[in-house]
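1. Pasting the sequence and the predicted model now:
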Amino acid sequence: MIIQNTKDTIQATHANLARSEFDDVNLQETRFNNVNLSKATFTDINFSGAKFSNLNLTNVEIEACETTGMKFRGVLVADLFEAYRKRT
């Protein structure tokens, strides 16, 4: 299915959208619950103000990201990096 040039709200429930592609798509304020994103790739994404909870982050790699104000388990990531640098 190809969806182009639309502003309709999509509700997907009990659906298999594996191998789907989203390019230049506005998913602002979208909610994901009980979703399998294993092996998904995110590039040039704006997650500002997003909240993640109850995640499986096994083998996740994060690189080349702006982390200003980002917290992991309530701790600023900048503080975690600073503490790590002091250890080495």
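-> That came through, no problem.
2. CA atoms for contacts and neighbours, from now on please.
-> OK.
3. where do the strands sit along the protein?
-> 71-72, 75-76 (DSSP state E).
4. can you count the residues close to M70?
-> Neighbour count of M70, defined by other Cα atoms under 10 Å: 15.
5. quick one on the thing from earlier: just put the strands of the chain in JSON lines and tack on mean neighbour count and distance to R87.
-> Output for the strands of the chain, formatted as JSON lines (neighbours: other Cα atoms under 10 Å; distance: least, Cα to Cα, whole Å):
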{"stretch": "strand 71-72", "mean neighbour count": "12", "distance to R87": "19"}
{"stretch": "strand 75-76", "mean neighbour count": "13", "distance to R87": "17"}
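6. Return the member of those strands having the minimum mean pLDDT.
-> Note on the strands of the chain: lowest mean pLDDT is at strand 71-72, with a mean of 94.
7. The strands of the chain: which one's closest to T9?
-> Proximity to T9 (Cα to Cα) singles out strand 71-72 among those, at 30.3 Å.
8. Poorly predicted segments of the chain, please.
-> In the predicted model, the chain carries no residue with pLDDT under 70.
9. M70 versus the residue nearest to the spatial centre of the chain, what's the distance?
-> The residue lying closest to the centre of the chain (Cα atoms, centre = their mean) is F47, at 6.3 Å. Computed as Cα to Cα, to the nearest Å, the F47 to M70 distance reads 10 Å.
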